[in-house]
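# Pasting the sequence and the predicted coordinates here, then a few questions.
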Amino acid sequence: MKKSVFVILYSIIAVLSFGAVRDLGRVQVESDRVFKTKYVIVLVIDGPRWSETYGDTSHQYIPRLYNDLMPQATFVNDFRNNGPTYTVPGHTAICTGVYQNMSNDGRTIPKNPSMFQYYMKEKRLHRSSAWVISPKGKLNVLANCKDKEWHNQYMPYASCGKKATGYGYARDSETWVDIVNILKTHPSLTLINLLEADNQGHAGNWEGYLDGIRNTDEYAYLLWNIIQDDPVYKDKTALFITNDHGRHLDDVKDGFISHGDGCEGCRKISLMCLGPDFKAGKFVETQYEQIDIAPTIAEMLGFSIPTADGVVMWDVFE
């Protein structure tokens, strides 16, 4: 009996302590830290499972991420989507710092203002300073919100699904051309989505799904090289590489083909941070989640995002 009481008390203390840590991150919205980062790019690799990426000890499908970029990066070992594990809600959580139950078909815009809107208003920037780029046309919704004080205001430019295929989406290879051209204009806050792994997974094409992971791995490497080769971006740009969701575990529903529930396969995702304010080769063991990305970016670029539920990921910094 005493042991049971002890276990219960320990569990309560652990939960409260974790909440206190997240609250501490939330109140420390402003600090005296001076960041070298002046530009931020978020690359969202759509829908690979942990088991085929960092959970695979051979890392055979992500050689660029693991062998070339990981040694230069800070990596969050326990990063999660703790909200709806679908594409539009996942991206909404990344951009707003708030989990929201919403349609995944692109017919519903987020309730809350995004980091793009807060950033452009506070810094008094033209909308060309912020971009959303994706092969998926439905991600256009990330450029706006329902809040009546923000609706149709301070909207970033969006280039989503410009060349739709039979699936209703453009291809990553087509979108890559837009990515390269847009980055030449040096927007200071950009979100990029690449869909191939997710698209092939939904098609039930296992080999295509693995090829999609390999291809997005190569795009991630090329993107970092573009940043390093550009005199404007070099040594001033943070690159966050993450996912919107994972996929079902093999023994859940239809396995890798789908996603959308609370299984570990859907929830466990990844976050790699590259740039001048992150330490090379650092591994962070603190559990963080999607809604923490926007507050962290806000801290780095020096603006506020008061509606976000996430916290600043202080220990990712050097």
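Yep, it's here. Keep in mind it's a predicted model, so treat the numbers as computed, not measured. Residues are numbered from 1 along each chain as shown.
# Quickly note the distance from the spatially closest residue to residue 38 that is not a sequence neighbour to residue 147.
Nearest residue to residue 38 in three dimensions, chain neighbours excluded: residue 236, at 4.4 Å (CB to CB, 6 or more residues apart in numbering). (C-beta placed from N, C-alpha, C; glycine too.) Residue 236 sits 31 Å away from residue 147, taking CB to CB, to the nearest Å as the criterion.
# mind showing which ranges of the stretch 101-250 of the chain have poor pLDDT?
Along the stretch 101-250 of the chain, the model assigns pLDDT under 70 to residues 163-168.
# mind listing the helices for it?
Secondary structure of the stretch 101-250 of the chain, counting by DSSP state H, counting those that start in this stretch: helices at 115-123, 172-183, 196-202, 206-229.
# quick one: average pLDDT of the strand or helix carrying residue 296?
Assigned by DSSP states H and E, residue 296 falls within helix 293-301. Taken as a whole, helix 293-301 has a mean pLDDT of 98.
# So which residues make contact with it?
Contact partners of helix 293-301, identified using CB atoms under 8 Å, 6 or more residues apart in numbering, comprise 25-26, 29-31, 33, 35, 37-38, 40, 42, 94-97, 114-115, 118-119, 123, 188-189, 238, 240, 242, 271, 277, 304-305, 308, 310-313, 316.
# Okay, angle between that helix and helix 115-123 too, please.
30 degrees (axes from the mean of the first three to the mean of the last three CA atoms, to 10 degrees).
# Can you give the distance of helix 293-301 from its chain's centre?
Mean-position distance between helix 293-301 and its chain equals 12 Å (CA atoms, centre = their mean, to the nearest Å).
# buried residues in it?
293-301 (16 or more other CB atoms under 10 Å).
# closest to residue 127 among those residues?
Within the buried residues of helix 293-301, distances to residue 127 taken as CB to CB reach their minimum at residue 301, with 15.8 Å.
# from what I can see, residue 78 looks like it's in a strand, true?
Yes. Assessed with DSSP: H, G, I helix; E, B strand; the rest coil, residue 78 lies in a strand.
# Number of residues surrounding it?
13 (other CB atoms under 10 Å).
# One more: residue 265?
24.
# roughly how far apart are it and residue 208?
On the measure of CB to CB, residue 265 and residue 208 end up 18 Å apart.
# Check the gap between the closest residue to residue 284 other than its chain neighbours and residue 312 for me.
Take residue 284 and drop its neighbours on the chain: the residue closest to it by CB to CB, 6+ apart is residue 76, 4.8 Å away. Residue 76 sits 13 Å away from residue 312, taking CB to CB as the criterion.
# The residue positioned nearest the centre of the chain pairs with what?
Geometric centre of the chain, nearest residue: residue 242, 4.3 Å, by CA atoms, centre = their mean. For residue 242, the beta-bridge assignment (DSSP bridges) gives partners residue 44, residue 271.
# Name all residues that make contact with it.
42-45, 79, 94, 269-272, 290, 293.
# Most neighbours among those, which one is it?
residue 290 (31 neighbours).
# For it, which residues are in contact?
80-83, 90, 93-94, 99, 242, 244, 269, 310.
# one more time with 7 Å, if that's ok
81, 83, 90, 93-94 (CB atoms under 7 Å, 6 or more residues apart in numbering).
# Kindly report the same for residue 247.
With CB under 7 Å, 6+ apart, residue 247 has these contacts: 47, 49, 201, 256, 258-259, 265-266.
# Return the member of these nearest to residue 175.
residue 47 (15.6 Å).
# The closest residue to residue 281 other than its chain neighbours in helix, strand or coil?
Nearest-residue entry for residue 281: residue 71, 5.5 Å, with adjacent residues in sequence omitted and distances by CB to CB, 6+ apart. At residue 71, secondary structure determined by three-state DSSP is helix.
# was I right about residue 202 contacting residue 259?
No. With contact defined as CB atoms under 7 Å, residue 202 does not count as touching residue 259 (8.9 Å).
# which of those two has more neighbours?
residue 259 (27 against 18).
# helix or strand for that one, which one?
Applying DSSP H and E, one finds residue 259 in no helix or strand.
# That one and residue 211, how far apart?
19 Å.
# Residue 292 too?
31 Å.
# neighbour-wise, which of the two wins?
residue 292 (28 against 15).
# The more buried one contacts residue 313, doesn't it?
Yes. With contact defined as CB under 7 Å, residue 292 counts as touching residue 313 (5.2 Å).
# neighbours of residue 56, just the number please.
15.
# Could you pull up phi and psi at it?
phi -90, psi 110 (degrees, to the nearest 10).
# that older thread, got a list of what the residue nearest to residue 38 touches?
Counted by CB under 7 Å, 6+ apart, residue 236 has contacts 36-39, 276.
# So residue 142 sits against residue 113, correct?
No. Using CB under 7 Å, residue 142 is not in contact with residue 113, being 11.3 Å away.
# Strands of this structure, residue ranges please.
39-45, 74-80, 130-134, 157-160, 189-194, 237-242, 268-274, 282-284, 288-289 (DSSP state E).
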